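J.: sequence? don't have it. structure:
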Ligand SMILES: O=C[C@H](O)COP(=O)(O)O
């Protein structure tokens, strides 16, 4: 079965910031354990359903370029390495501003300014990223709260968020305390994410659940619900540093939690799979999952991001193949 084309919207009008935001931000709710306590997740059913995304569903060839251009707009272009430097961050930001070569942009007939969804860096790199992205409209996302393990005192986690926001990060990717989930201490998890959301102020909060550490899909569902009740703007699978990072079955469970939370509260919460997403085929699989489970609003950067350090290169390669009919040498493509 084939997926339908995505509508690629152009650049936002210059005065977009002045327009009223029609989608209200998730305010969160008090903790309602009864909303998820009885939830059961059938692992093999989730795996079977996720498998159909890559086998039964394909994006028709003539629509693939449009889907891949949209995938670029959804990427949180990431560098989270111990040897990051301001120069590396500046190069990454240049890719975020201009992800494709001019000849490919012209051949694809793109009449808008194509950028990635955001650039995601460590807090110490936020000032360099903000400088490099000035005037581009590309937001800077910062990880925080003792990423990736999250095992620093709460006071320091909140201070780290405030630092990144003060330096200009518009999005904060926090990590939750995994032991709160493993101990089923939902009150502690709710309080923690609530305090982080308050520290974010106007910056949007993405709650990284580190699903590879949570031991069951049932825990993934419960942690997703509590993070949303605490006011997360996005729920995100992984840091990219766990042994198992983004997978389709985990993403399916998180998408169902987003659907359930929406039915209960009316709030739309975004989703960000991250960690190990490397190929154009991966990007299309996650986009198809979003479209089928949550609808086309979840193909917009406002509600869906692909967290990836090494995806853009393959998308670039596939788009070049689409335009020219051949693949060029790897060294001609973006490393990111
Ligand atoms: O948040 C984003 C992840 O760290 C990216 O992981 P990756 O390097 O496997 O793409």
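T.: Done, it's in. For clarity, every value in this text was computed on a predicted model and none was experimentally measured. Numbering: from 1, shown residues only.
J.: Up against the ligand, what does the protein have?
T.: 78, 80, 120, 239-240, 274-277, 307-310 (CB under 6 Å from any ligand atom). Glycine gets a C-beta too; all of them are placed from N, C-alpha and C.
J.: What sits closest to residue 257 if chain neighbours are left out?
T.: residue 224 (3.7 Å; CB to CB, 6 or more residues apart in numbering).
J.: Tell me the secondary structure of that neighbour, please.
T.: With DSSP: H, G, I helix; E, B strand; the rest coil as the basis, residue 224 sits in helix.
J.: Check the spacing between it and residue 261 real quick.
T.: Residue 224 sits 8 Å away from residue 261, going by CB to CB, to the nearest Å.
J.: roughly how far apart are residue 102 and residue 118?
T.: Taken as CB to CB, the span from residue 102 to residue 118 is 23 Å.
J.: so where does residue 92 fall, helix or strand?
T.: helix 86-97 (DSSP states H and E).
J.: Check residue 228 too.
T.: Following DSSP H and E, one finds residue 228 within helix 217-229.
J.: Show me what that helix is in contact with.
T.: 26, 28-32, 35-37, 39-41, 43, 46, 176, 181-182, 184, 186, 189-190, 193, 207, 209, 211, 214, 235, 249-250, 253-254, 256-258, 260-261, 265, 267, 269 (CB atoms under 8 Å, 6 or more residues apart in numbering).
J.: ok, now with 7 Å
T.: For helix 217-229, contacts defined as CB atoms under 7 Å, 6 or more residues apart in numbering pick out 26, 28-29, 31-32, 35-36, 39-41, 43, 46, 176, 181, 186, 189-190, 193, 207, 209, 211, 214, 235, 249-250, 253-254, 257, 261, 269.
J.: Could you identify the buried members of these?
T.: Neighbour-count burial (16 or more other CB atoms under 10 Å) applied to the contacts of helix 217-229 gives 26, 28-29, 31, 35-36, 41, 46, 176, 181, 186, 189-190, 193, 207, 209, 211, 214, 235, 249-250, 253-254, 257, 261, 269.
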